[in-house]
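Undergrad: turn this into a structure:
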Amino acid sequence: MKQNAETTDEFIRQNVASGKKYCLLLLKAGPKLNQPPAEAERIRMEHLRHTFQMRAEGKLLINGPVLDDPELRAIGIFNTTDKEEVKKFMERDPAVRAGWFKYEIYLWFGIPGDSLPK
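TA: This is a model prediction of the structure:
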């Protein structure tokens with residue numbers, strides 16, 4: 001989102017009015033995070049394949065690992081407010097199924113068009 005040189009009350013009101021709800025996913029370390037290297041690589045690649053598929057389908061808008069917390073491993077923002085739908089996606093995630101991750105889902109408010117810079 002480009003910001004005006006002066007962030008006026010009207011600018012703020014317009015942006016907030018354009019906002020919408022999403023689901024925020026927090027992936028946390030699961031009970032079986034430590035696996036032998038070959039198994040860990042297999043699970044990691046299956047998890048990433050699942051993640052990239054959800055992105056390709058437009059279900060997962062943004063995601064990525066948290067780099068400096070041993071408990072909180074990643075975040076994601078889903079293009080839905082249906083927590084049950086996100087739960088179904090996550091129950092199919094190979095890393096969740098393997099016990100690598102557990103997760104929490106929250107309703108989240110954002111401004112459409114926000115993005116990460118390249």
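Undergrad: list the contacts of the residue nearest to the spatial centre of the chain.
TA: Nearest to the mean C-alpha position of the chain, counting by Cα atoms, centre = their mean, stands residue 76 at 0.5 Å. Residue 76 makes contacts with 24-25, 27, 51, 60, 62-64, as judged by Cβ atoms under 8 Å, 6 or more residues apart in numbering. Just so you know, the C-beta spots here come from the backbone N, C-alpha and C atoms, and that holds for glycine as well.
Undergrad: one more: residue 19?
TA: Residue 19 is in contact with 109-112, counting by Cβ under 8 Å, 6+ apart.
Undergrad: please identify the buried residues of whichever helix in the chain runs longest?
TA: In the chain, taking DSSP state H as the definition, the longest helix is helix 37-56. Of the residues in helix 37-56, 43, 47, 50-51, 54 count as buried by neighbour count, 16 or more other Cβ atoms under 10 Å.
Undergrad: quick check, nearest of those residues to residue 36?
TA: residue 43 (10.5 Å; Cβ to Cβ).
Undergrad: I'd like the distance between residue 98 and residue 113.
TA: To residue 113, residue 98 is 36 Å away according to Cβ to Cβ, to the nearest Å.
Undergrad: what about those two, which has more around it?
TA: residue 98 (19 against 9; other Cβ atoms under 10 Å).
Undergrad: per-residue pLDDT, the closest residue to the more buried one other than its chain neighbours?
TA: Counting by Cβ to Cβ, 6 or more residues apart in numbering, residue 43 is the residue found nearest to residue 98 once chain neighbours are left out, at 5.0 Å. Predicted confidence (pLDDT) for residue 43: 95.
Undergrad: what sits against residue 43?
TA: Residue 43 makes contact with 35, 94-95, 98, 100 under the criterion Cβ under 8 Å, 6+ apart.
Undergrad: can you name the two of those that sit furthest apart?
TA: Greatest spacing in these, by Cβ to Cβ: 35 and 94 (11.8 Å).
Undergrad: settle it for me: which of those two has more neighbours?
TA: Each of residue 35 and residue 94 has its neighbours counted (other Cβ under 10 Å); residue 94 has more, 18 against 15.
Undergrad: can you show me the strands along the chain?
TA: Assigned by DSSP state E, the chain shows strands spanning 20-29, 60-65, 72-78, 101-110.
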